[in-house]
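Colleague: Prediction below, plus the sequence it came from.
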Amino acid sequence: NILFDCGTGECIHVDFACLFNKGETLQVPERVPFRLTPNLSDAMGLCGHQGAFPEVCGAAMRVLRENKDCLMNVLETFLHDPLVEWNKKHDEVFRILSRCDRRLQGQVTRFPVDRDINQVLSVDGQVRAIIAEAVSTDNLSQMYRWWMPWF
């Protein structure tokens, strides 16, 4: 769920209920790292998700990696916030933070976890792997049907 400001073009994420791979625990687990259905790819113009999108993702990932320590501090506060309904045990919090840290180091974590890429990739390699997971027909075909992943 994203709030879009028509005046400035800014996007703000407004649904924090499905952060930290919570979608993997749903009755029909989400197998993709983010939503990139054919419909969304078409909205990106003629080149779709193969145009400027990977470059923009790479620029964002470089900034995230360069500011890893600061970002991990912020993420940890989300997990310990009593107003957020995580109800996580200490081991679960550690596992979630560990996966975030591994991603910021260049690893690709996937669902189920036995499909993780346990090697450090370059920013471009990581972005390509994550986009490939998001558009994978195999992954999309196993999503919740009202998510309409084929559209």
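Modeller: Structure's in. What do you need?
Colleague: Would you map the helices across the protein?
Modeller: 38-43, 53-66, 68-80, 90-105, 123-135, 137-140 (DSSP state H).
Colleague: Could you point out which of these sits nearest H13?
Modeller: Proximity to H13 (Cβ to Cβ) singles out helix 68-80 among the helices of the chain, at 12.2 Å. Where you see a C-beta, it was placed from the backbone N, CA and C, and this is true even at glycine.
Colleague: where does this structure dip in pLDDT?
Modeller: Residues of the chain that meet the criterion pLDDT under 70 lie in 1, 15-19, 79-90.
Colleague: Please repeat the previous calculation with a cut-off of 80.
Modeller: 1-2, 12-25, 78-94, 109, 111-118, 147, 149-151 (pLDDT under 80).
Colleague: And D42, how far from L36?
Modeller: Noted for D42: a distance of 11 Å to L36, by Cβ to Cβ, to the nearest Å.
Colleague: more neighbours, the two?
Modeller: Each of D42 and L36 has its neighbours counted (other Cβ atoms under 10 Å); L36 has more, 21 against 12.
Colleague: Pretty sure the more buried one sits against V135.
Modeller: Yes - using Cβ atoms under 8 Å as the test, L36 is close enough to V135 to be in contact (5.5 Å).
Colleague: joint contacts of these two?
Modeller: Counting by Cβ atoms under 8 Å, 6 or more residues apart in numbering, the common neighbours of L36 and V135 are H49.
Colleague: Can you redo the helices of the chain as a markdown table, where the extra columns are distance to K22?
Modeller: Below are the helices of the chain laid out as a markdown table (distance: least, Cβ to Cβ, whole Å):
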| stretch | distance to K22 |
| --- | --- |
| helix 38-43 | 21 |
| helix 53-66 | 20 |
| helix 68-80 | 12 |
| helix 90-105 | 9 |
| helix 123-135 | 17 |
| helix 137-140 | 17 |
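Colleague: Stretch 136-145: end-to-end distance?
Modeller: The straight-line separation of the ends of stretch 136-145 (Cα to Cα, to the nearest Å) is 16 Å.
Colleague: tell me which residues in it are buried?
Modeller: Along stretch 136-145, these residues count as buried under the neighbour rule (16 or more other Cβ atoms under 10 Å): 139-140, 143.
Colleague: likewise stretch 100-117?
Modeller: Buried-residue list, stretch 100-117, by 16+ other Cβ under 10 Å: 100, 102-104, 106-111, 117.
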